[in-house]
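Participant: 3D model of this:
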Amino acid sequence: RPWRGHPQLPDNAPFHDYFKKFFEQMPELQAQPKSSVGSGFIISPDGYIVTNAHVVEDMDSIIVGLNDRSEFPAQVIGKDSRSDIAVLKVRADKPLPTVKIGDIGKVKVGQWVLAIGSPFGFERSATQGIISAVGRSLPSDNYVPFIQTDAAVNPGNSGGPLFNLDGEVIGVNSQIYSRSGGYQGLSFAVPIDVAMDVVDQLKTGGKVSRGWLGVLIQEVTPELAQSFNLDKPRGALVGQVLPDSPAQAAGIQVGDIIISFNGQPITQSRELPPLVGRIRPGASIPLILIREGKEQTLTIKLEELPEDAKQEKAIAVPPSRGRLGLSVTELPADQRQEGTKGVWVKDVSEGPAANAGIRAGDIIVRLNNVEVNDPAQFVEQVKQLPAGRPIPVLIKRDSGALFLALTIPEKE
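Facilitator: Numbers count the residues shown, from 1 in each chain. Predicted coordinates:
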């Protein structure tokens, strides 16, 4: 008979009897239940509580402890992973004390803040700091304009309130940015207006609906701004318009630069996704963009953001590296059958293409705002490119699209 946790050994193997006796005497180990410690705050006297979604993820039961050491079992009313906000409900025999909700419009960089929570299980711990930035975008959270502070936040602080000096909650402590896993001076809180909007939707409908535009965007760098003849970098550059999306229906095109959405100016691309997400699906919103150097106004009817939506963050010709320092070939047959246009970059050597960031395996689909259909056309386009100033190049890489700024030296 095999013994629990013991490697299979023949009866005549050395140490057979020793291992048999050792493992037969081992106590039976029980699976340990998963547990976690987090923070939260009460927003209504009847027991509604705000915390982080990741604090209550995969929990079979939740116990809420208050400052007077009373404890209550809590029910998860709803949670939203995109904003990392969850709503709990407890039943108490008397009205519960609540926090005061602050005005996010009064939050400014440089203001002092206080983070309260239970880091590492140390209850009612407070740390102070200042606001470093508002509207900060993180790579994994395009739809939350985070408040960045230097208030120390550690495991157990998650879901706790971020207070201003008037004792008002202005944010929900959510995450840190760290290479060691511990606090390193960068902490991020979900703005209270975003959190309360999520709370209201979870309480009334059990889920959160967000507006969806259907574009992949990127930042306008100084080089790209020059290539698009802008006076300065601004807006969100459209690298891809998703099929059957509101953006496609409204006439948004690749290469458009969105500079205003619903009356709000867009100075950096990261500002667009949170603005879109806050709009309810079905609403018609004005949008201003720059196309070929001219401003245009479009009206777009937003749809609901799908769960799996991409984030609104992309003739044979002899190989010749020519002016760009690369060689291209026709696209593979399967991609041509799918309707993809452009040329496939076979290899890249030292030169303007490499300097721009073009890599082997990229697909060049637009060059200087002109679509690329095949290698022969591409070669002719390259001959006509101006030297000495940046020009926009649209490439497809992996599953996204990306604009790069390509500059051909005046002395070739």
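
Participant: Check which helices and strands the helix or strand where Arg136 lies sits against.
Facilitator: Here Arg136 sits within strand 125-138, counting by DSSP states H and E. Under the contact criterion of 3 or more Cβ pairs under 8 Å, 6 or more residues apart in numbering; DSSP states H and E, strand 125-138 touches strand 112-117, strand 141-149, strand 187-191, helix 272-277. The C-beta positions use only the backbone N, C-alpha and C, and glycine is treated the same way.

Participant: redo that, cut-off 6 Å
Facilitator: Helices and strands touching strand 125-138, by 3 or more Cβ pairs under 6 Å, 6 or more residues apart in numbering; DSSP states H and E, are strand 112-117, strand 141-149.

Participant: Pull the residues that contact the last one.
Facilitator: Counting by Cβ atoms under 6 Å, 6 or more residues apart in numbering, strand 141-149 makes contact with 82-83, 113, 129, 131-136, 171, 187-191, 273-274, 277, 311, 313, all of which sit outside it.

Participant: circling back: could you dump the helices and strands packed on strand 125-138 into a markdown table with mean pLDDT added?
Facilitator: Shown next, in a markdown table, are the helices and strands packed on strand 125-138 (pLDDT from 0 to 100):
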| stretch | mean pLDDT |
| --- | --- |
| strand 112-117 | 93 |
| strand 141-149 | 87 |
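
Participant: residues contacting Val172?
Facilitator: Neighbours of Val172 in contact, by Cβ under 6 Å, 6+ apart: 189-190, 195.

Participant: my bad, should have said Asp68
Facilitator: Counted by Cβ under 6 Å, 6+ apart, Asp68 has zero contacts.

Participant: Mean neighbour count, the helices and strands packed on strand 125-138: which tops it?
Facilitator: Greatest average neighbour count among those goes to strand 141-149 (a mean of 23), per mean count of other Cβ atoms under 10 Å.

Participant: Can you give the strand pairings for that strand, parallel or anti for each?
Facilitator: strand 125-138 (antiparallel), strand 187-191 (antiparallel) (DSSP bridges).

Participant: between the last one and strand 112-117, how many degrees?
Facilitator: Just to be clear, that refers to strand 187-191. Counting by axes from the mean of the first three to the mean of the last three Cα atoms, to 10 degrees, strand 187-191 points 90 degrees away from the direction of strand 112-117.

Participant: following strand 187-191, which helix or strand shows up next?
Facilitator: helix 192-205.

Participant: Tell me which other helices or strands that next one touches.
Facilitator: Using 3+ Cβ pairs under 6 Å, 6+ apart: helix 192-205 touches strand 71-80, strand 85-90, strand 168-176.
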